[in-house]
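>>> return a 3D structure for these sequence lines:
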Amino acid sequence: MSARPAPDPCSATTQQAGAPRPLIGDAEGRYRIKIVGNSGTGKSTLGKELSAILGVPYISLDELHWEPGWRVCPDEAFRAKVRAATESNPRGWIVDGDYTRKLGNTILEDTTDVIWLDPPLVLYFPRLCWRTLLRLLRRAPPCSPGCEEMLHEVFFARTSIIWWCLSNHRRVRERYAEPHRVDGVHAGGKLRRIGGWGGELDAWKQDVRRAMVLRGTQAAAADEGALL
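Got it, this is the predicted structure:
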């Protein structure tokens with residue numbers, strides 16, 4: 001006899017009323033997560049951590065969008081890459097980045113959870129500067145293979161990542177403020193804002209880990225019950 005799927009501890013159907021739900025997922029316990037936020041807020045770091053916790057692949061949109069030498073992938077080819085990456089992982093995925101202008105709502109429509117990283121600029125801007133310095137010194141990997149940081153581009157170009165971070169902090173907040181109001185988890189939606197100085201993010205990740213441990217325990221109990 002095949003074992004019945006164990007209930008998902010992150011699912012809405014298995015949560016008590018008012019209980020915190022770190023992730024929503026779908027009815028089959030799969031997670032398709034999109035992480036958004038300004039440059040330097042920690043999207044890729046969180047994406048890789050969640051990938052390890054949930055056991056689903058991490059997909060960097062930057063790596064799909066930027067080709068070696070900072071060449072922009074043509075829009076149609078970019079969309080095809082993204083579709084191939086997500087459709088080839090039916091168990092779920094974690095996507096880091098936005099690119100809504102090029103992708104539209106393609107990813108958002110399939111997403112079960114949207115995580116908006118919104119820490120204070122004074123917290124993450126120094127981290128971005130340090131990361132950029134390490135990339136300039138070739139001590140950290142670039143955002144996409146073959147796209148090395150150059151000194152004049154970092155400090156003097158209009159596309160400077162440092163200037164981009166500073167000028168987009170407020171824009172990103174304004175972009176997600178209204179979606180968070182109407183589609184935030186507090187309103188029964190799927191957009192979760194995580195701000196603060198790091199404590200809120202750490203606590204949330206710990207809740208996700210606990211939920212996955214509980215899920216594994218429930219799955220083991222279900223398998224054992226099926227054998228009886």
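
>>> sec struct for Arg171, please.
Following DSSP: H, G, I helix; E, B strand; the rest coil, we place Arg171 in the helix state.

>>> can you count the residues close to Pro120?
11 (other CB atoms under 10 Å). Yep, even glycine has a C-beta here, placed from its N, CA and C like the rest.

>>> my read: it touches Glu200, true?
No - at 11.7 Å, Pro120 and Glu200 do not qualify as touching, with contact defined as CB atoms under 8 Å.

>>> for my notes, confirm Val36 occurs in a helix.
No - under three-state DSSP, Val36 sits outside any helix and is assigned strand.

>>> just to check, it is in contact with Asp118?
No - with contact defined as CB under 8 Å, Val36 does not count as touching Asp118 (9.2 Å).

>>> how far does the helix or strand harbouring Lys48 sit from the chain's center?
Assigned by DSSP states H and E, Lys48 falls within helix 43-54. Chain-centre distance of helix 43-54: 7 Å, with CA atoms, centre = their mean, to the nearest Å.

>>> so what touches the helix or strand just after that helix?
Proceeding N to C from helix 43-54, the next assigned helix or strand is strand 58-60, under DSSP H and E. With contact meaning CB atoms under 8 Å, 6 or more residues apart in numbering, strand 58-60 is reached by 44, 47-48, 50-51, 82, 85-86, 89, 93-97, 143-144.

>>> mean confidence for strand 58-60?
Taken as a whole, strand 58-60 has an average pLDDT of 97.

>>> paired strands for that strand, with orientation please.
strand 92-96 (parallel) (DSSP bridges).

>>> buried residues in the partner strand?
Applying a neighbour-count criterion of 16 or more other CB atoms under 10 Å, one finds 92-96 buried in strand 92-96.

>>> next one: stretch 109-120
111-119.

>>> where does pLDDT dip in the chain?
The chain contains residues with pLDDT under 70 at 1-20, 223-228.

>>> can you do 50?
1-7, 11-17 (pLDDT under 50).

>>> ranges for the strands of it?
Per DSSP state E, the chain carries strands over the ranges 31-37, 58-60, 66-67, 71-72, 92-96, 113-117, 191-194.

>>> residues in contact with the last one: which ones?
In other words, strand 191-194. So strand 191-194 is in contact with 113-119, 176, 179-180, 183-185, 200-201, 204, going by CB under 8 Å, 6+ apart.

>>> ok, now the longest one?
By CB under 8 Å, 6+ apart, the list of residues contacting strand 31-37 from outside reads 10, 23, 25-26, 43, 46-47, 50, 54, 56, 86, 92-98, 107-108, 110-118, 172, 176.

>>> now the fifth one
The contact list for strand 92-96, computed with CB under 8 Å, 6+ apart, reads 30-35, 43-44, 46-47, 50-51, 54, 56-62, 82, 85-86, 107, 111.

>>> buried subset of these, written for PyMOL?
To isolate the buried members of these in PyMOL, using 16+ other CB under 10 Å:
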select buried, resi 30+31+32+33+34+35+43+44+46+47+50+51+54+56+57+58+59+60+61+62+82+85+86+107+111
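
>>> list the residues that contact both of Val36 and Asp118?
172, 176.

>>> center of this protein, which residue is that?
Most central in the chain under CA atoms, centre = their mean is Ile35, positioned 2.6 Å from the mean C-alpha point.

>>> against Thr41, how distant is that one?
Plainly put, Ile35 is 9 Å away from Thr41 if you go by CB to CB, to the nearest Å.

>>> what do those two both touch?
Residues touching both Ile35 and Thr41 by CB under 8 Å, 6+ apart: Leu117.
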